[in-house]
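S.K.: Below is the sequence, then the predicted model.
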Amino acid sequence: MPDYQGTTVAAMGKGDPNKPRGKMSSYAYFVQTCREEHKKKHPDSSVNFAEFSKKCSERWRTMSAKEKSKFEDMAKGDKARYEREMKNYIPPKGEKKKKKDPNAPKRPPSAFFLFCSEHRPKIKSDHPGLSIGDTAKKLGEMWSEQTAKDKLPFEQKAAKLKEKYEKDIAAYRAKGKSEAGKKGPGRPAGSKKKRRMRKMKSKIKTCCKDLCAKIHDFAKNVKSSAAHC
């Protein structure tokens, strides 16, 4: 049986290992307690995840508010811990993500994702208190148990969606290049300040040329006047 605490860590800290561990729900604490109890009673036996989660869900439904309060207090304490740690957490500096174009074609879902979309509502209905991580595990287990024949409809649908996406993205990129060509070359790279400096230098250069020309003409006139004296 998987360790729910560890699952939460993995799910929440994939990008940054220093990021605070995600908060756990009261039901997640309850399932963790059930797992520990089962491990003590049957240390050498393996556990069927589907059966175990179903039993936990049934047991949770029949519990009174007083019985659940212990786990709710644990969840509240963990929430406070999470919020406290997040206040002091500084995410790592990195490159800013490019803004996504809302008009760009969306990537197609995989066969497994289509399978999840179809079966997730039933799992949520059968196990209302199941966390997102545990629901994902359940779906993963169900998918691995499917035969090649069972997976085929999802794989065929995913292949069609992928084919459509490839056509759409090619048309989208071609349109983007076409519009960029119509607009012509973009502004030179650099900040507004740099652009202002370039304009100023250009003006000074032009003024200097005009001034030099005027001085040259003035000197020429003076020389000519001196020759006539």
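M.R.: Cool, got the structure. Numbering: from 1, shown residues only.
S.K.: residue ranges of the helices in this structure, please?
M.R.: Ranges of helices within the chain are 4-12, 26-41, 49-62, 65-88, 111-126, 132-145, 148-183, 192-228, based on DSSP state H.
S.K.: any idea which of those scores lowest on pLDDT?
M.R.: Per-segment mean pLDDT for these reaches its minimum on helix 4-12, at a mean of 39.
S.K.: I'd say Cys56 and Tyr29 touch.
M.R.: No. Using CB atoms under 8 Å as the test, Cys56 is too far from Tyr29 to be in contact (11.4 Å). The C-beta positions use only the backbone N, C-alpha and C, and glycine is treated the same way.
S.K.: For the helices of the chain, give me a markdown table that also has distance to Pro105.
M.R.: Output for those, formatted as a markdown table (distance: least, CB to CB, whole Å):
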| stretch | distance to Pro105 |
| --- | --- |
| helix 4-12 | 28 |
| helix 26-41 | 37 |
| helix 49-62 | 36 |
| helix 65-88 | 35 |
| helix 111-126 | 16 |
| helix 132-145 | 26 |
| helix 148-183 | 4 |
| helix 192-228 | 34 |
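S.K.: Can I get these in CSV including mean neighbour count and distance to Pro20?
M.R.: CSV is the format used below for these (neighbours: other CB atoms under 10 Å; distance: least, CB to CB, whole Å):
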stretch, mean neighbour count, distance to Pro20
helix 4-12, 16, 8
helix 26-41, 17, 16
helix 49-62, 15, 26
helix 65-88, 13, 4
helix 111-126, 15, 27
helix 132-145, 15, 16
helix 148-183, 12, 36
helix 192-228, 10, 40
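S.K.: closest to Lys99 out of those?
M.R.: helix 148-183 (14.1 Å; CB to CB).
S.K.: and the closest one, how far out from the chain's middle?
M.R.: Distance of helix 148-183 from the chain centroid (CA atoms, centre = their mean, to the nearest Å) equals 21 Å.
S.K.: Who are the packing partners of it?
M.R.: helix 111-126 (3 or more CB pairs under 8 Å, 6 or more residues apart in numbering; DSSP states H and E).
S.K.: can you give me the angle the helix it packs on makes with helix 148-183?
M.R.: Angle of helix 111-126 versus helix 148-183, following axes from the mean of the first three to the mean of the last three CA atoms, to 10 degrees, is 120 degrees.
S.K.: Give me the contacts around helix 111-126.
M.R.: Contacting residues not belonging to helix 111-126 are listed as 54, 57, 109, 130, 135-136, 138-139, 142-143, 146, 151, 154-155, 157-158 [CB atoms under 8 Å, 6 or more residues apart in numbering].
S.K.: What is the burial count for the closest residue to Glu85 other than its chain neighbours?
M.R.: Nearest residue to Glu85 in three dimensions, chain neighbours excluded: Pro20, at 3.6 Å (CB to CB, 6 or more residues apart in numbering). As a burial measure, Pro20 scores 18 neighbours (other CB atoms under 10 Å).
S.K.: Contacts only, for Pro20.
M.R.: Pro20 neighbours (CB under 8 Å, 6+ apart): Met12, Tyr82, Glu85, Met86, Tyr89.
S.K.: Thank you, goodbye.
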